[in-house]
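Novice: sequence below, structure please.
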Amino acid sequence: MSESEIKSCSLLLKEHYGEIVAAVGTYIAMNGSSYLKVLVDNTHLANDQVRKALCVLIQHNMVHFSRHKRGFVIYTLDIMQVHLLARYPRYIYCTKTLYGDAAELLIEELLQHGQISMPKLCQMVVTRLNEALKEGQQISLSTVKEKFVSLVQTHFVQRCPLQDKSEDNSTAVSSIPRLIDVDTERFSVPLEVPTEAKKRKHEGVDEQSNKKRKTDLLDSESDEILWKVNFERFHQHFRDLALISAASNKLDKKAGEVMRAMLRLSEVKSDPDAEVSVPMSSNEIYQTLPKELGIRKIELDQYLSLLAEDTERLVGKVGESGGGTYAVNIKNSVTLLAKATVESVVQEKFGSKAARIFRLLLRKKYLEQKQIEEFAMIPAKEAKDLTYTLFAEALLSLQEIPRTPDYAPSRTFYLFSVNIDQVCRMLLDRCYRTMCNLITRRENETKDNKRLLEKQHRVEAIVSSLVTSGADKSQVQEVEEMITPPEGVQLKRVKHMTTKLEQGELQLDETIFVLSTYLTMCEKAILSKPSTRKK
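Specialist: Predicted coordinates for the structure are as follows:
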């Protein structure tokens with residue numbers, strides 16, 4: 001864990017939850033894990049403050065606790081979960097695009113609360129929606145519940161692990177709860193229809209009291225179950241959108257729609273972490289395609305052949321049955337996205353000729369200085385300068401192959417190459433450093449103009465109260481004139497600057513997402529190799 005990761009984690013926690021939570025979270029991140037007494041001693045905070053900070057972090061799924069063999073509780077921070085705070089606006093916008101306003105508010109409230117029961121969440125969203133609507137318009141609770149069920153069924157929302165109640169409560173150690181996560185129930189919503197078991201249990205009781213008891217049982221069961229956002233499902237959706245965009249850029253929009261249909265099929269059948277999707281026939285893909293696109297079967301086969309025969313291997317052909325069987329090569333596609341991201345960074349920073357050298361080494365793997373000059377068709381002096389500049393920036397690696405044991409320079413081959421994993425890690429670290437700079441700059445802009453911003457908020461509050469009470473336009477105008485023209489110019493400048501910085505954070509997070517997705521996939525591939533050998 002790098003210093004820039006810990007610093008960005010600290011700034012994000014401070015911005016969203018305050019200084020106390022940030023102090024506790026930063027200490028745990030720096031030490032890997034910790035327990036309560038050490039946190040109290042080293043953060044110089046009161047015991048009660050540390051407890052409350054840990055509660056906030058656990059509530060938002062950022063800290064996990066486990067039982068030590070000596071009996072005390074160890075707290076561990078999930079730093080990747082903290083970095084997702086910068087991605088919250090993207091999750092909310094994605095939900096609004098897919099499911100509408102009610103679902104958007106459901107995800108927003110879930111992100112704000114971390115974990116919450118379905119009845120409370122739906123009631124909060126209904127209240128917010130009805131407050132925003134005009135008089136006479138109203139949204140029912142059942143409509144919001146339907147949206148919530150849709151989010152659960154599509155795996156964007158999942159159950160939180162439940163406390164294991166089967167443990168013996170007689171010992172002091174049992175006061176530390178043990179959480180169990182049942183995979184089969186993770187995406188199941190409690191039914192509102194009473195089960196036959198409950199009917200038999202209350203048999204012989206008056207019908208009205210029986211119905212009331214069943215309703216109470218259902219409500220208590222729903223209140224006990226807590227729900228949270230399934231970030232992995234959102235990340236899978238973002239990854240799929242990036243693959244669709246890559247296919248569209250490679251060929252055209254129809255190729256992107258073909259890729260969308262294939263990914264939609266693989267969503268249901270494939271493991272989210274799989275490197276290659278399950279095979280799907282050409283007929284299945286054709287049936288999944290929307291009819292309004294007007295893509296004929298022959299045209300679809302041509303697009304599939306082009307994607308399968310392309311050098312980038314976004315799609316692979318795995319059989320001939322059902323008009324041809326195809327699979328999306330997810331690992332190759334994500335690798336292509338990571339390489340394209342790194343290439344764009346090289347081009348923006350060092351120019352098109354440096355990008356040409358970098359691209360050349362990605363394709364040819366190992367080249368000498370003279371070969372780089374010839375293949376890139378760049379003058380020797382310029383090619384040498386650019387190559388060593390990229391090497392100095394850790395974008396290129398150098399391997400020495402001696403012809404004699406003495407490693408004499410005159411009898412040694414010097415081969416340049418690109419270690420894409422190392423470059424991605426280095427760029428990811430720079431991205432976290434840039435994120436720190438953006439957040440710090442935005443905080444300073446707000447701090448320097450704090451009084452002016454507070455004055456603007458007061459004026460806006462007075463104006464809104466006057467408009468609500470039906471005051472004259474002259475009165476409203478008089479209050480608005482409390483902000484002088486120079487102050488208005490300054491406020492516009494601050495707003496423009498903060499908006500630009502926020503946009504920069506969101507764009508930077510997209511780069512972080514691509515690089516971290518690629519590195520995570522590489523790590524999983526390395527971890528799966530030993531188990532494959534054992535088998």
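Novice: once you drop chain neighbours, what's closest to V229?
Specialist: Distances taken as Cβ to Cβ, 6 or more residues apart in numbering place L110 nearest to V229, at 5.1 Å, with adjacent residues excluded. (Each C-beta comes from the backbone N, C-alpha and C, glycine too.)
Novice: so the closest residue to D421 other than its chain neighbours is in which element?
Specialist: Ranked by Cβ to Cβ, 6+ apart and with sequence neighbours excluded, the top spatial neighbour of D421 is C522, at 5.9 Å. Using DSSP states H and E, C522 falls within helix 485-534.
Novice: quick check: mean pLDDT of that helix?
Specialist: Regarding helix 485-534, the rounded mean pLDDT is 84.
Novice: elements contacting it?
Specialist: Contact analysis of helix 485-534 by 3 or more Cβ pairs under 8 Å, 6 or more residues apart in numbering; DSSP states H and E lists helix 88-99, helix 231-250, helix 330-350, helix 420-448, helix 450-469 as its packing neighbours.
Novice: what's the angle from that helix to helix 450-469?
Specialist: 100 degrees (axes from the mean of the first three to the mean of the last three Cα atoms, to 10 degrees).
Novice: how distant is helix 485-534 from the center of its chain?
Specialist: Averaging C-alpha positions (Cα atoms, centre = their mean, to the nearest Å) puts helix 485-534 9 Å from its chain's average.
Novice: if I take it and helix 88-99, what angle do their directions form?
Specialist: 80 degrees.
Novice: what about the strands in the stretch 1-150 of the chain?
Specialist: 33-34, 63-67, 73-77, 116-117 (DSSP state E, counting those that start in this stretch).
Novice: so what's the residue nearest to V229 up against?
Specialist: Shown in contact with L110 (Cβ atoms under 8 Å, 6 or more residues apart in numbering): 116, 121, 157, 227-229.
Novice: residue contacts, the nearest residue to M30 once chain neighbours are set aside?
Specialist: Excluding its sequence neighbours, the residue lying closest to M30 (Cβ to Cβ, 6+ apart) is I6, at 5.9 Å. Contacts for I6 (Cβ under 8 Å, 6+ apart) come out as 26, 29-30, 79.
Novice: quick one: pLDDT of I6?
Specialist: pLDDT, read off for I6, is 91.
Novice: A327 and L304, how far apart?
Specialist: Distance from A327 to L304, counting by Cβ to Cβ, to the nearest Å: 11 Å.
Novice: typed the wrong thing, it's A29
Specialist: Applying Cβ to Cβ to A29 and L304 gives a distance of 46 Å.
Novice: now swap in L452 and tell me
Specialist: From L452 to L304 the distance is 59 Å (Cβ to Cβ).
Novice: these two: who's more crowded?
Specialist: L304 (21 against 15; other Cβ atoms under 10 Å).
Novice: so which helix or strand takes in that one?
Specialist: Secondary structure from DSSP H and E places L304 in helix 297-309.
Novice: the closest residue to F413 other than its chain neighbours: how many residues sit nearby?
Specialist: Leaving aside its chain neighbours, F413 sits nearest to I401 (4.3 Å; criterion: Cβ to Cβ, 6+ apart). If you count neighbours by other Cβ under 10 Å, I401 ends up with 10.
Novice: for L508, give me its contacts.
Specialist: Per Cβ under 8 Å, 6+ apart, neighbours of L508: 431, 434-435, 438.
Novice: one more pass at 6 Å, please.
Specialist: With contacts defined as Cβ atoms under 6 Å, 6 or more residues apart in numbering, L508 is in contact with 431, 434-435.
Novice: distance-wise, check it relative to K447.
Specialist: 22 Å.
Novice: wait, what's in contact with G319?
Specialist: T325.
Novice: ignore the last one, L395
Specialist: Counting by Cβ under 6 Å, 6+ apart, L395 touches V423.
Novice: where does it sit: helix, strand or coil?
Specialist: With DSSP: H, G, I helix; E, B strand; the rest coil as the basis, L395 sits in coil.
Novice: tell me how far it lies from V346.
Specialist: 6 Å.
Novice: thought E5 was touching R430?
Specialist: No - E5 is beyond contact range of R430, at 11.4 Å (criterion: Cβ atoms under 6 Å).
Novice: who's more crowded, these two?
Specialist: E5 (21 against 13).
Novice: report how many residues lie close to the nearest residue to the more buried one once chain neighbours are set aside.
Specialist: Closest residue to E5 apart from its sequence neighbours, by Cβ to Cβ, 6+ apart: Y432 at 5.1 Å. The local packing of Y432 (other Cβ under 10 Å) involves 19 other residues.
Novice: any weak-confidence spans in this structure?
Specialist: Residue ranges of the chain with pLDDT under 70: 1, 135-136, 164-175, 181-183, 191-223, 268-270, 322, 529-535.
Novice: ok, now with 50
Specialist: Within the chain, the stretches with pLDDT under 50 are 169-174, 193-207, 211-218, 531-535.
Novice: one step back: which helix or strand contains the residue nearest to F413?
Specialist: Assigned by DSSP H and E, I401 belongs to strand 397-402.
Novice: who does that strand pair up with?
Specialist: Strand pairing for strand 397-402, using DSSP bridges, gives strand 412-417 (antiparallel).
Novice: for the strand it pairs with, buried residues please.
Specialist: 415-416 (16 or more other Cβ atoms under 10 Å).
Novice: how near is K253 to M259?
Specialist: For K253, the distance to M259 - Cβ to Cβ - is 11 Å.
Novice: which one's more surrounded, those two?
Specialist: Using other Cβ under 10 Å, the more surrounded residue of K253 and M259 is M259, with 26 against 12.
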